[in-house]
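Asker: Sharing a model that was predicted from the sequence below.
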Amino acid sequence: MHSPFCSLLLALIVGLVAASPAQNLRIPLPRKSKYTPVQQLNRDGVSALQKHDIDKAKRLFYKAYLIDPDDPFTLNNLGYVAELEGDLDRAQRYYDQARANTSDAVIDKSTSKQVEGKAVAKVAGDVSGQAVSVNQLNSEAVRLLNDDRAPEADLVLQQAIKIAPNNPFTLNNMGFAKEKQGDLEAAISYYRRSANTGSNDRIVVTANKDWRGKPISEVAAHNARAASDQLAKSNDLENRVARLNLQGVSAINRNDRKTARQDFERAYKLDNQNSFSINNMGYLSELDGDKETAQTYYQQAEKAEHSGAKVAVATRAEVEGHEMRQVAEQSTTLVGSSIEATAEARRRSGERPTLKTRDNRPVKNTPATRNNPGQEKNFTPPEFRSPDQQPNQNDQQQHPELKQRPPH
């Protein structure tokens, strides 16, 4: 989606003649003058853009450029096309050239009625650095949305909102990104904010072809109504759990673990028999370093409700499209192998086992260690000794010989 910040221009050259005060000089202009080849190509290019045919417009503008590379209208038009394609650096170069080659000719035809009749010198390349940045970010977000990479688009749009919080295109794009991530409540909020701007700027670059050419506020209002209807129809327990799990996965893909944890825990609280919810709790446990608990969750997920459903969105693209039970089984195997490898490494090193809390912190000053300080420092249980390790003095202290009571 894109907010054109510079209108496409086509010149109808009007000569300026200085008249003496003593004379009433009048130069009649023909009602219908024939357009030059450059003018006609630009007119045809503008018409193509009004029909949303960017490729055709680009070809026509380049033909005009080959005829006259200094024409300010052609340069401005090429800059606008480059902007639509997301190449803001190239767009800015064309705009700069357009400003350097401006004249007092006026605009005859444009994609924006507001600039028709104005001098090209006042309009060509009239952009601010902030507008360029916002449009560049929106173009990048649309590309990501078209590739089904909504979490990444979300991050890009967050940057755009910081620059221009009320840009209607950014707000509508963010609404679409939130909707793709399952967060309908947030999507509705962004859509309504976009609609409330009342902007009549028309959409050119978009993630949805049906929006192209329509006023942005009108599209945003329609999107808000559609998302509200969808939320009302899918607010049962199963759909709420599914959306929370989708939101959690999307948050992980944005590196937002705090939000992901909240979403996964809410989903599990609503339905602790759902295979997706159980599996995601296992994933959280694995992130916390609690592999034993993670393995327990994964084993439960293999046989829980909806375990036969296919994974649509995941933190790993290779598991998408597979049944949930298959993904959980694979996770169980991987975690189990990791646990065994860790235990084997400890056995080989002779490292004593350390009692830890559930959040992986070592337990200190337990009653056993307080009563037997030598045990905490030096004692190694037999099952964790290396084959060539011999019992030491502390072992004798831990296993004293049974002695008889001395005779009276």
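Answerer: Perfect, thanks for sending it.

Asker: which residues does Pro168 contact?
Answerer: Applying Cβ atoms under 8 Å, 6 or more residues apart in numbering, we find Pro168 in contact with Ser3, Ser194, Ala195, Thr197, Ser199, Asp201, Ile216, Ser217, Ala220. The way it works is simple: take the backbone N, C-alpha and C, and place the C-beta from them, glycine included.

Asker: Backbone dihedrals for the fourth one, both of them.
Answerer: Pointing back at Thr197 there. Per-residue torsions, Thr197: phi -70, psi -20 (degrees, to the nearest 10).

Asker: so how far is stretch 87-105 from its chain's centroid?
Answerer: 32 Å (Cα atoms, centre = their mean, to the nearest Å).

Asker: just the CA coordinates of it, formatted as PDB?
Answerer: Listed in PDB are the C-alpha atoms of stretch 87-105, where the atom choice follows Å, rounded to 0.1, in the frame of the first residue of the first chain:
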ATOM      1  CA  ASP A  87      13.300   1.900  -4.800                       C
ATOM      2  CA  LEU A  88      13.300   5.200  -2.900                       C
ATOM      3  CA  ASP A  89      16.900   6.000  -3.600                       C
ATOM      4  CA  ARG A  90      16.300   5.900  -7.300                       C
ATOM      5  CA  ALA A  91      13.100   7.900  -6.900                       C
ATOM      6  CA  GLN A  92      14.800  10.600  -5.000                       C
ATOM      7  CA  ARG A  93      17.500  11.000  -7.700                       C
ATOM      8  CA  TYR A  94      14.800  11.500 -10.400                       C
ATOM      9  CA  TYR A  95      13.000  14.000  -8.200                       C
ATOM     10  CA  ASP A  96      16.200  15.900  -7.700                       C
ATOM     11  CA  GLN A  97      16.700  16.100 -11.400                       C
ATOM     12  CA  ALA A  98      13.100  17.100 -12.000                       C
ATOM     13  CA  ARG A  99      13.500  20.100  -9.600                       C
ATOM     14  CA  ALA A 100      16.800  21.100 -11.300                       C
ATOM     15  CA  ASN A 101      15.000  21.200 -14.700                       C
ATOM     16  CA  THR A 102      11.700  22.800 -13.700                       C
ATOM     17  CA  SER A 103      10.000  25.500 -15.800                       C
ATOM     18  CA  ASP A 104       6.900  27.600 -15.600                       C
ATOM     19  CA  ALA A 105       4.900  25.100 -17.600                       C
END
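
Asker: my guess is Gln159 contacts Gln136, does it?
Answerer: No. Judged on Cβ atoms under 8 Å, Gln159 makes no contact with Gln136 at a distance of 10.0 Å.

Asker: Those two: which is more packed in?
Answerer: Higher neighbour count among Gln159 and Gln136: Gln136, with 20 against 15, using other Cβ atoms under 10 Å.

Asker: ok, that one to Ala48 distance?
Answerer: According to Cβ to Cβ, to the nearest Å, Gln136 stands 24 Å off from Ala48.

Asker: Keep only those of the contacts of Pro168 that are in strands.
Answerer: Among the contacts of Pro168, no member is found in strands (DSSP state E).

Asker: Whichever of those end up buried, select them in ChimeraX.
Answerer: Buried members of these, defined by 16 or more other Cβ atoms under 10 Å, are picked up in ChimeraX with:
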select :3,194,195,197,199,201,216,217,220
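
Asker: Select, from the contacts of Pro168, the two members most distant in space.
Answerer: In these, two members sit farther apart than any others by Cβ to Cβ. They are Ser3 and Ala195, at 14.7 Å.

Asker: And the average pLDDT for whichever helix in the chain runs longest is what?
Answerer: Longest helix in the chain by number of residues (criterion: DSSP state H): helix 324-349. For helix 324-349, the mean pLDDT works out to 83.

Asker: helix or strand right after the least confident helix or strand in the chain by mean pLDDT?
Answerer: In the chain, no helix or strand scores lower on mean pLDDT, DSSP states H and E than strand 9-12, which sits at a mean of 34. Heading C-terminal from strand 9-12, the first helix or strand you meet, by DSSP states H and E, is helix 37-50.
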